[in-house]
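Undergrad: how would this look folded up:
(one chain, ligands or ions: 1)
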Amino acid sequence: MYPDTRLFIAGEWTDSISGETLPVLNPATGSEIGRVAKAGQTEMDRALAAAEHAFRQWRKTPARDRARLLHAAADNLKARIEEIAPILTLEQGKPLAEARSELRNADDVIRWFAEEGIRSYGRLIPARRGGMQQMVMKEPLGVVAAFTPWNYPVAQAIRKISAALAAGCTVILKAAEEAPASCAAMIRAFADAGFPDGAINLLYGVPAEISEYLIPHPVIAKVSFTGSTPVGKHLTSLAGAHMKRVTMELGGHAPYIICADADLGSAVSMLAGHKFHNAGQVCIAPTRVLVEEPVYDRVLSDFVTAAKAVRVGDGLKDEVDMGPMANARRLDAMDRLIGDAVARGGRLLAGGNRIGNAGFFFEPTVLADVPKEAAIMNEEPFGPVAVVNRFSQVDDAIEEANRLPFGLAAYAFTRSQKNAQRFAEDIQTGMLSVNDYGLAYAEVPFNGVKDSGYGSEGGPEALETFQTIKFVSQTNL
Ligand code: NAD
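TA: Down below sits the predicted model:
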């Protein structure tokens, strides 16, 4: 049932010339389920040539024609959701319902960018003299090198591809080797829609080898990366040395502030729902829960109950709320972070252990009263663990929210307009959701500040990251 994955270059599915492949594991069993082709320099050169060639035509393709093709790709993807979802679950671990939702979301993202591309206007600036026109034109940047991670193999790629193609760029996507087949199936939906050969190319291989070769290459005009902050900083400096534009969607460590006047029921149920979604391997997942003193015990006890009720198992089975972690590295990280927190005096109130000895399962975990010095209070946990700490003044909660170099997502629950306004003004974050979990829709900005990166992956701002501005002054003779 699980397909091997090939590369997609210049409109053709292909193995690498070396014949080399990499293993793909099922995180629910730890066993190999398939192989993915490993690109070398020959394949990278072919992809570069194809993307450059396709760009000459694609940049001049009318926005409405681009949109028609994007909608056709979305139609294909939508029709194949039931076929692709189990593949996504098999290689990444998330429950089938989450895999389906990731694919439905991809359909939504493609269509939104298709429509937004049509409305990407330039402007006319009133000129200082008669007979003169001052025009601002938006143009596609060129060939994009996109790098996407394993936590959302389809969703992370679709934001970059849809915005880039809608803007008139062509793409070389280096997607996640650990979960390659669902992304390849998504690319097939584009290929079958009739995109010009070379408009989208898909590579897998050794990430560092591919980024070190593509980013400095003169054909590449723009780099878009989603992943960890250390890798993002490295790729940004490489891009900077070659004056390439970047979008960096990096790590977070989201504060989740619950004030005493909040609707506690909805604050806790949203926390439990989103904390354990995708086994916590989400850059905007709540990680530092900060609860105002008078309601601390109640919130903690309700959250612990909710965490203990999460049903963990193979994502392909019915009645599973949380699958395994995507790889063994995350299990090791969980052991290290939780062990360190407890050694420093944090209270372990739920979970804390691996489950079974096959696959990468870990218990939904709740830690309380963890000191700031603990590693988990400073490093993105990227797993099914939340720290619940207390605060007595709103100022203290804001100070804790801003203490780290991250600034991706933040959440606050309060009925006070005054508090809500303070959070909006004073939390250093790219995204803030008050009394809700309302982030990451196609039409809204998705971006970080500080070490969480820069450049939006949502909204009109995302389209603009693939465009450059050209100013034309024209005087009639
Ligand atoms: P990692 O830092 O090795 O890799 C993170 C991602 O970057 C992976 O997709 C990897 O393939 C890619 N990558 C690594 N080195 C690269 C290079 N030189 N060039 C191009 N791509 C490269 O860590 P990991 O163990 O895969 O993931 C752990 C951490 O990464 C997590 O703790 C989390 O902070 C972060 N992460 C973030 C996201 C996100 O959505 N922002 C997604 C996945 C991982």
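
Undergrad: got a list of contacts for stretch 347-357?
TA: 300, 304, 307-308, 312, 331, 334-335, 338, 341-342, 361-369, 384-385 (C-beta atoms under 8 Å, 6 or more residues apart in numbering). Just so you know, the C-beta spots here come from the backbone N, C-alpha and C atoms, and that holds for glycine as well.

Undergrad: what distance separates the start and the end of it?
TA: End-to-end distance for stretch 347-357, by C-alpha to C-alpha, to the nearest Å: 25 Å.

Undergrad: Just the buried positions in that stretch, please.
TA: 348, 349, 350, 351, 352, 354 (16 or more other C-beta atoms under 10 Å).

Undergrad: secondary structure class for residue 213?
TA: When classified by DSSP: H, G, I helix; E, B strand; the rest coil, residue 213 comes out as helix.

Undergrad: Same question for the one 3 residues further on.
TA: Three states are possible here, and by three-state DSSP the one that applies to residue 216 is coil.

Undergrad: Looking at the buried residues of stretch 347-357, which one is closest to residue 87?
TA: residue 354 (25.6 Å; C-beta to C-beta).

Undergrad: Roughly how far does that closest one sit from residue 258?
TA: Distance, residue 354 to residue 258, using C-beta to C-beta, to the nearest Å: 29 Å.

Undergrad: Okay, residue 12 and residue 45: tell me how far apart.
TA: Taking C-beta to C-beta, one finds residue 12 at 15 Å from residue 45.

Undergrad: ok so, going back, restrict the buried residues of stretch 347-357 to contacts with the ligand.
TA: Among these, no residue is within reach of the ligand (C-beta under 6 Å from any ligand atom).

Undergrad: out of these, what pair is the most spread apart?
TA: Maximum pairwise distance among the buried residues of stretch 347-357 (C-beta to C-beta): 17.8 Å, between 349 and 354.

Undergrad: Enumerate every residue touching the residue nearest to residue 270 when sequence neighbours are not counted.
TA: Nearest residue to residue 270, sequence neighbours excluded (C-beta to C-beta, 6 or more residues apart in numbering): residue 437, at 5.0 Å. Contacts of residue 437 were listed using C-beta under 8 Å, 6+ apart, and they are 270, 273, 274, 411.

Undergrad: Out of those residues, which is nearest to the ligand?
TA: The closest of the contacts of residue 437 to the ligand turns out to be residue 274 (C-beta to the nearest ligand atom; 14.3 Å).

Undergrad: which SS state does the residue lying closest to that closest one once chain neighbours are set aside fall under?
TA: Leaving aside its sequence neighbours, residue 274 sits nearest to residue 437 (C-beta to C-beta, 6+ apart; 5.4 Å). Per three-state DSSP, the secondary structure class of residue 437 is coil.

Undergrad: For residue 437, what are phi and psi?
TA: In terms of degrees, to the nearest 10, the main-chain angles of residue 437 are phi -120, psi 50.

Undergrad: I'd like the numbering to begin with 14 instead of 1 from here.
TA: Understood, numbering begins at 14; the last thing we discussed is residue 450.

Undergrad: Look up how far residue 311 lies from the residue nearest to residue 283.
TA: Per C-beta to C-beta, residue 450 is found 20 Å from residue 311.

Undergrad: now swap in residue 244 and tell me
TA: Using C-beta to C-beta, one obtains 40 Å as the distance from residue 244 to residue 311.

Undergrad: With residue 371 instead?
TA: In terms of C-beta to C-beta, residue 371 sits 38 Å off from residue 311.

Undergrad: again with residue 469
TA: Distance from residue 469 to residue 311, by C-beta to C-beta: 37 Å.

Undergrad: ok so, going back, for ChimeraX, write the select line for the buried members of the contacts of stretch 360-370.
TA: Listed next is the ChimeraX selection for buried residues among the contacts of stretch 360-370, using 16+ other C-beta under 10 Å:
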select :313,317,320,325,344,347,351,354,355,374,375,376,377,378,379,380,381,397,398
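
Undergrad: quick one: which of residue 244 and residue 311 has more around it?
TA: residue 244 (19 against 13; other C-beta atoms under 10 Å).

Undergrad: Name all residues that make contact with that one.
TA: Shown in contact with residue 244 (C-beta under 8 Å, 6+ apart): 220, 238.

Undergrad: name the element it belongs to?
TA: When elements are assigned from DSSP states H and E, residue 244 belongs to helix 242-254.

Undergrad: quick one: secondary structure of residue 64?
TA: Under the three-state scheme (three-state DSSP), residue 64 adopts helix.

Undergrad: That one touches residue 183, doesn't it?
TA: Yes. Residue 64 sits in contact with residue 183 when judged by C-beta atoms under 8 Å, with a separation of 4.4 Å.

Undergrad: and for the two, which residues touch both?
TA: By C-beta under 8 Å, 6+ apart, the residues touching both residue 64 and residue 183 are 156, 211, 212, 214.

Undergrad: Quick check on the residues you listed: which are buried?
TA: Buried members of those, counted by 16+ other C-beta under 10 Å: 156, 211, 212, 214.

Undergrad: Show the overlap between these and what lies near the ligand.
TA: Residues of those in contact with the ligand (C-beta under 6 Å from any ligand atom): none.

Undergrad: from the residues you listed, which ones fall inside strands?
TA: Among those, DSSP state E puts 156, 214 in strands.

Undergrad: so which strand or helix has residue 311?
TA: Going by DSSP H and E, residue 311 is part of helix 309-321.

Undergrad: Can you get me the centre-to-centre distance for that helix and its chain?
TA: Remark: helix 309-321 is offset 28 Å from the chain centroid, using C-alpha atoms, centre = their mean, to the nearest Å.

Undergrad: Packing partners of it?
TA: Judged by 3 or more C-beta pairs under 8 Å, 6 or more residues apart in numbering; DSSP states H and E, helix 309-321 is in contact with helix 277-288, strand 299-305, strand 360-363, strand 378-381, strand 398-404.

Undergrad: Mind listing residues that contact that helix?
TA: Helix 309-321 is touched from outside by 271, 277, 280-282, 284-285, 288-289, 302, 304, 362-364, 377-379, 381, 399, 401, 403, with contacts defined as C-beta under 8 Å, 6+ apart.
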